Each structure stands twice: as structure tokens, then as C-alpha cells.
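In: sequence first, predicted model second:
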Amino acid sequence: MIRTKVAAFAAALLTLSVTATATTGVAAAAGTEPVRFTLPEPSGPYKIGTVSLHLVDESRKDPWVTTPRKRELMVSLWYPARDVRRRPLAPWMPRAAADRYLGYLGLAPGGVTFGRTHGHEQAPVDRSLGRLPVVLYSPGANASRSFGTGVVEDLASHGYVVVTMDHPYDAAVVEFPGGRVAMNPDGEITDFEKAVAVRADDTRFVLNQLAMLQAGRNPDADHQKLPVGLQDTLDLRQIGMFGHSLGGAATANAMYADRRIKAGMGLDGAALGPVVEGGLDRPYLVVDTPGKGGMGTNPMLRKFWSNLRGWRLNLTLNGAAHNSFGDDALLLPVVAPLLKLSTQELQEMVGTIPTARALAFQRAYPRAFFDLHLRHRGHLLDGPSSRFPEVKYTG
């Protein structure tokens, strides 16, 4: 249990500075400067804007709680922006959520100071680009939408509108307006079949709210002001989705339930739910690792793969492990000494792949996939590339 919490703590520590004391259990050496982590600059030509929305589904009761509460979600939109001057950078995780998460991990609130993203809050949209493809992101189990910030920012910097979704009560922590925080009352989820079904419903609801936004209405439950030009930039004819771990299973099942999603990608994603037998007739990219859970050892993933009837590709990232995807890949090697992780424990989390190569994969392959199937351009996925010798292609 201790190591589980250490791994979860490490996964949450991206783009932050650690100001630990001896009472936290993660003490820095006396006299040393705080350890600092930052996301790399996005590689695209566009500045990034972002806005968080509070969405309430009046048609559903929340399936995770016993009180008669409507299902609520928090989502963030990331998009190409103009005139970002005087627009503050959004935090990687809001303060109240960060403090509650640290408390869950047995750390004092304020023991870790979370940093900023590259997304400028409420910045006006760059409308000179016209309508842009939309990509949804679903995180892993017991994680949060913050954990995919690096790859999401990079997509936005190349001209995508990316919508990151939190799934309350299966997410680690979700902060709603006013500082109200939702956490799983049991600590973490174990009913993954139920979680996949709930996430598929969440995704369909979010797509409906995006259609409302495109039609000129404000879907935010608190009627907050929206960035200028946001409704004019969504191309809802070109929607993709991707996710990590359970978010990969959520992606496949959301596609199975809703044909508005044209292409999907799972980053070391699980295979669960009705889509395993039902299959898909639209493009799907399976990214796995050589270890447990990959195509070679996971019969459910192989069954899902056999029932894909459209364009399909299986990529294996050699040297990678389950946490080589998302923001964990950058953070965990840096904080391992602080958290007293052994070399073996670290390799079990992020593999032996160099951090720079894991980040290079994250920047290149999700964008190549969505470029190919939403913009009909690019050739990286045609076959093995000398620029990425660690990537194995299986058609």
C-alpha cells in the first residue's frame, strides 16, 4: 500500500516545485534547493488558450454516489489562441484539488506547490485558422485530466481543439467551482466494467454539450464567460478521442456507443466492455508495451484487435512501461531519488526507455494519427521510421 501511494504521488507531481519538510515523509536534503519540474514548451506554432467548464447532466443521476445527485463533470478545452497578453497561465491542478490529493497521500497541504501549464486562461481563439478538429482525452483510472497535459498542449499548439475530461469518483480528485472537491469515497475504483460504461455515457454527454456550444449556447452550469470565438472554432464533423490505460478502454467503448467519434487511440489501454466483442469499423490505434497487458500477453486486447474491421495499427513502444505515457514519463525519473524509489521500482513504472524518447513518441504519434484520420495528411504511420527505432509496427 505504501508503494502504491508513492507511485500515485509521483504521478501527481508534474510541473511543480517540491517544498517538502521532514514531517511529509518526502524530505529534501537539508540546504538544497526545491526540486522543480516543468513541462517542455509545446512544439507547435500556436499559443494556447484554455478554459474549464462545469457541466451537469440533468438526465442522469450520478452512478457512483448514493445521494440523488445529478452527474457532474469538469472538462477543460485547449485551443490555439491569439493575444495571450495579460491572460494568466492555468495551473496544472487547481489548489483545492491539489491539497486534498496530497492529504490523501499523507502529505501536508502546501507541502507541494503545483506549477503552471502553457495554457492561457480565457484567451481569445485564433479564428484565422477556421474550424478545427476536436479531440477528446480520457485519463487512466484513479488519475485526473491533468495527467495528460503535455500531449494535450502539444496537440493544441498544432491546431487542434482538445477536450480533457474528468470522471468524478473514478478520478483521483476533481475540483468544482467554489473549491468543492470530489474524491472516491473508497479511495480508488475497482469496478472497471462499470467505470468504462459510465465514461462512455460521460463522453456522449460531453459531445452533446459541445454541439450546444457550437450552436451558440453556453453549456457551463455556472454561466461563466466563454473565450471569444470558441463557438466558431469547433469542427464537430471531425472528432477523435484517445486515452491512457482505462481511458483507452473508455475511448473504444465511447466509439462503439457514438458514431460521432471518427477515430480512436489507446495508450497502453485496457480492453473492456461491449466493444471487445462488438468491434469497430472506424480507425483505431492500439499502443502497447512489451510488458504485462500488451498484445502478446492480454487475451482481451487480442480479442478486441481481432474485431476491428476498419483501419487498424498496433504500435509497441519498446523499452516502455505503463507509465511511459502522459506526464508521468517526464516526472518519475526526476523525482525517484526524492521518493526513494529503487531502480527496479522506477523501471517497473516507466521502463528503460530514455525520457526524451518517451516524450518524442508522445509528441509525434498522437498527432500523426489524428492528422491522418481527421485531416487526411501525413505518412509517419505508413511504416517503421528511422526517427523512431524503438517503435514496432504490427498491421
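Out: Structure received.

In: and E345, how many neighbours?
Out: Neighbours of E345 under the rule other CB atoms under 10 Å: 16. All C-beta atoms are positioned from the backbone trio N, CA, C, and that covers glycine.

In: on the pLDDT front, check it for me.
Out: Reading off the confidence values, E345 has pLDDT 92.

In: next SSE after the strand or helix carrying it?
Out: Assigned by DSSP states H and E, E345 belongs to helix 343-350. The C-terminal neighbour of helix 343-350 among helices and strands, as given by DSSP H and E, is helix 355-374.

In: ok, now which ones touch A249?
Out: F192, V196, G243, G266, G269, A270, A271, L272, G273 (CB atoms under 8 Å, 6 or more residues apart in numbering).

In: let's see 7 Å
Out: V196, G269, A270, A271, L272, G273 (CB atoms under 7 Å, 6 or more residues apart in numbering).

In: re the thing from before, in the helix holding E345, what's buried?
Out: E345, L346, Q347, E348, M349, V350 (16 or more other CB atoms under 10 Å).

In: over to stretch 328-337?
Out: D328, A329, L330, L331, L332, P333, V335, A336.

In: please tell me how far the residue nearest to the second one when sequence neighbours are not counted sits from M349.
Out: What sits nearest to A329 in space, not counting adjacent residues and going by CB to CB, 6 or more residues apart in numbering, is A358, at 4.0 Å. Per CB to CB, to the nearest Å, A358 is found 12 Å from M349.

In: what's the answer for N298, then?
Out: 19 Å.

In: got it, and D220?
Out: From D220 to M349 the distance is 36 Å (CB to CB).

In: over to N314?
Out: 23 Å.

In: same check on V287?
Out: 17 Å.

In: I'd say R312 and Y284 touch.
Out: Yes: counting by CB atoms under 7 Å, Y284 is a contact partner of R312 at 5.5 Å.

In: between the two, which is the more surrounded one?
Out: More neighbours surround Y284 than the other of R312 and Y284, with 28 against 18 (other CB under 10 Å).

In: next, the residue nearest to the more buried one when sequence neighbours are not counted: secondary structure please.
Out: Once flanking residues are discounted, Y284 sits nearest to G264: 5.0 Å by CB to CB, 6+ apart. Under DSSP: H, G, I helix; E, B strand; the rest coil, G264 falls in the strand class.

In: also L331?
Out: helix.

In: look up how far S324 lies from it.
Out: For L331, the distance to S324 - CB to CB - is 12 Å.

In: how far does stretch 196-206 sit from its chain's centre?
Out: 15 Å (CA atoms, centre = their mean, to the nearest Å).

In: surely V287 is in a strand?
Out: Yes: with the criterion set as three-state DSSP, the secondary structure at V287 is a strand.

In: number of residues surrounding it?
Out: 26.

In: on that earlier part again, which of the buried residues of stretch 328-337 lies closest to K392?
Out: Lowest distance from K392 to the buried residues of stretch 328-337 (CB to CB) belongs to A329, with 18.2 Å.

In: residue contacts, K61?
Out: P68, R69, K70, R71.

In: was I right about the last one contacting D62?
Out: Just to be clear, that refers to R71. Yes: counting by CB under 7 Å, R71 touches D62, with 4.6 Å between them.

In: who's the closest spatial neighbour of W78, skipping the chain neighbours?
Out: W78's closest residue in space is A156 (CB to CB, 6+ apart), at 4.0 Å.

In: what's the neighbour count on that neighbour?
Out: 27.

In: tell me the secondary structure for it?
Out: helix.

In: ok, A141 next?
Out: coil.

In: what's the closest non-adjacent residue to it?
Out: What sits nearest to A141 in space, not counting adjacent residues and going by CB to CB, 6+ apart, is L246, at 4.0 Å.

In: would you quantify the distance from that neighbour to E193?
Out: 11 Å.

In: against H120, how distant is the closest residue to N218 other than its chain neighbours?
Out: Nearest-residue entry for N218: L226, 5.8 Å, with adjacent residues in sequence omitted and distances by CB to CB, 6+ apart. L226 is 14 Å from H120, where distance means CB to CB.

In: these two: which is more packed in?
Out: Neighbour comparison, L226 and H120: the larger count goes to H120, with 23 against 18 (by other CB under 10 Å).

In: which SS state does the more buried one fall under?
Out: strand.

In: mind listing what the helix or strand where Y393 lies pairs with, with the direction of each?
Out: Per DSSP H and E, Y393 falls inside strand 391-394. As defined by DSSP bridges, the strand partners of strand 391-394 come to strand 312-317 (antiparallel).

In: which helix in this protein has the most residues?
Out: Longest helix in the chain by number of residues (criterion: DSSP state H): helix 192-214.

In: which elements pack onto that one?
Out: Applying 3 or more CB pairs under 7 Å, 6 or more residues apart in numbering; DSSP states H and E, one finds that helix 192-214 contacts strand 47-61, strand 70-81, strand 132-138, strand 161-165, strand 234-244, helix 246-257.

In: picking up where we left off before, more crowded one of R71 and D62?
Out: R71 (22 against 17).

In: what's across from that one in the sheet?
Out: D57.

In: in contact with it, which residues?
Out: Counted by CB under 7 Å, 6+ apart, R71 has contacts D57, R60, K61, D62.

In: wait, what's in contact with the spatially most central residue of the chain?
Out: Nearest residue to the geometric centre of the chain (CA atoms, centre = their mean): G148, 3.4 Å. Contacts for G148 were tallied using CB under 7 Å, 6+ apart; they are Y137, P139, T164, H244, G326, D327.

In: ok, and the most crowded of the residues you listed?
Out: Result: H244 is most packed of the contacts of G148 (other CB under 10 Å), 31 neighbours.

In: that's all I had, so thanks and see you.
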